[in-house]
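Participant: coords please:
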Amino acid sequence: MHFNIKESLTYLNKYKIKKFVDGDGIILEDIFSKKEIEVRFYGLDAPELKYCNKVKNDEKVLQLPASLLIELGNLSFNFLMQQAKIGETCTLIQEKGNEKDKYGRTLGYVILNDGQVLNDIMIKEGYAKPYNEVFCEMLPQYQEWNLEAKINKKGLFSRVNYF
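Facilitator: This is a model prediction of the structure:
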């Protein structure tokens with residue numbers, strides 16, 4: 001991961017992975033205060049795990065059946081759980097002025113102990129797509145990596161051409 005404007009970032013250390021929510025969300029626990037926060041990964045969107053309004057809308061827009069979209073959501077979720085482990089420590093990075101989404105969830109880049117960024121992995125490997133509705137610094141890079149994953153039929157693109 002590289003950022004052009006380092007001053008625009010806030011580094012929040014000392015978290016551990018508590019729970020996986022879905023392919024684009026995670027619950028982190030502050031090691032010291034034990035406070036839990038739900039983090040939605042900056043710049044990406046993964047299919048849902050259960051039938052909801054978003055699946056209903058995606059079904060209409062994408063012309064894909066809900067059952068397939070939910071199956072893709074489970075593939076994304078399972079892939080994420082293979083990339084990191086419950087209890088693993090990590091660093092949360094946030095963009096100043098862009099810390100919460102419209103639902104009040106914390107937005108962030110999650111950096112693992114080996115330096116890999118979960119957000120980057122999910123996009124590069126084709127298990128999430130760029131989320132264009134909220135800008136983040138990595139969005140242009142995520143769009144490029146998404147196209148590469150699609151061309152190379154990686155991840156979910158091995159099953160569908162779009163999701």
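Participant: Report the separation between L147 and I123.
Facilitator: For L147, the distance to I123 equals 10 Å [C-beta to C-beta, to the nearest Å]. To be clear about C-beta, it is placed using only N, CA and C from the backbone, and glycine gets the same treatment.
Participant: For these two, work out which one has more neighbours and name it.
Facilitator: Neighbours around L147 and I123, counted as other C-beta atoms under 10 Å, are more numerous at I123. The numbers are 28 against 11.
Participant: Pull the contacting residues for that one.
Facilitator: Listed by C-beta atoms under 8 Å, 6 or more residues apart in numbering, the contact set of I123 reads G43, L44, K129, P130, Y142, W145, N146, A149.
Participant: how close does G43 sit to L92?
Facilitator: 14 Å.
Participant: more neighbours, these two?
Facilitator: Counted by other C-beta under 10 Å, G43 and L92 do not tie: G43 has more neighbours, with 29 against 21.
Participant: for L72, helix, strand, or coil?
Facilitator: When classified by DSSP: H, G, I helix; E, B strand; the rest coil, L72 comes out as helix.
Participant: so it touches P47, yeah?
Facilitator: Yes - counting by C-beta atoms under 8 Å, L72 does reach P47; the two are 4.3 Å apart.
Participant: what touches both of those two?
Facilitator: L156, F163.
Participant: C-alpha coordinates for stretch 60-69, PDB please?
Facilitator: The C-alpha coordinates for stretch 60-69 follow below in PDB (Å, rounded to 0.1, in the frame of the first residue of the first chain):
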ATOM      1  CA  LYS A  60     -32.100  -6.300 -10.200                       C
ATOM      2  CA  VAL A  61     -29.100  -4.200 -11.300                       C
ATOM      3  CA  LEU A  62     -26.700  -7.100 -12.000                       C
ATOM      4  CA  GLN A  63     -29.300  -9.500 -13.300                       C
ATOM      5  CA  LEU A  64     -27.900 -12.200 -11.200                       C
ATOM      6  CA  PRO A  65     -30.000 -14.400  -8.900                       C
ATOM      7  CA  ALA A  66     -29.900 -13.700  -5.100                       C
ATOM      8  CA  SER A  67     -28.800 -17.300  -4.400                       C
ATOM      9  CA  LEU A  68     -25.700 -16.800  -6.600                       C
ATOM     10  CA  LEU A  69     -24.900 -13.400  -5.000                       C
END
